[in-house]
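In: Model the following, please.
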Amino acid sequence: MFRMINRTTVAFLGVFLIACLAALVYHVFFVWPQQDCDQRGAWWDAKDRQCAAPMEIWKITGRTVTHGPASAATPPAASAGAAASRAAKP
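Out: This next block holds a predicted model:
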């Protein structure tokens, strides 16, 4: 009976160590690279496990960047608040 308890203890210890090693390997190869990529502000591709930098559309199409009315316009609340603060100062 005592030998069976020892064998069971060793077996459970072995299974526990293998599970710990598997969790460590999973984190090293899957979790930590994704977290590192996310912290740098890049995009993580889980299918290919690659970290890619976002690219602006104008680099792909070759068009020049124009500052039209949509990009130059400020929200009305922000411009009204700025105008009111400028008017209040002597």
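In: Okay, strands next: where are they in the protein?
Out: Applying DSSP state E to the chain gives strands spanning 43-45, 50-52.
In: Redo these as a markdown table? Include mean pLDDT, mean neighbour count and distance to Phe2.
Out: In short, each C-beta sits where N, CA and C put it, glycine included. Below are the strands of the chain laid out as a markdown table (pLDDT from 0 to 100; neighbours: other CB atoms under 10 Å; distance: least, CB to CB, whole Å):
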| stretch | mean pLDDT | mean neighbour count | distance to Phe2 |
| --- | --- | --- | --- |
| strand 43-45 | 92 | 14 | 52 |
| strand 50-52 | 92 | 13 | 54 |
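In: where does the protein have low pLDDT?
Out: Counting by pLDDT under 70, the chain contains low-confidence ranges at 68-90.
In: In it, where's the longest helix?
Out: helix 2-26 (DSSP state H).
In: Name the residues of that one that are buried.
Out: Buried residues in helix 2-26, counted by 16 or more other CB atoms under 10 Å: none are found.
In: roughly how far out does that helix sit from the chain middle?
Out: A distance of 34 Å separates the centroid of the chain from that of helix 2-26, by CA atoms, centre = their mean, to the nearest Å.
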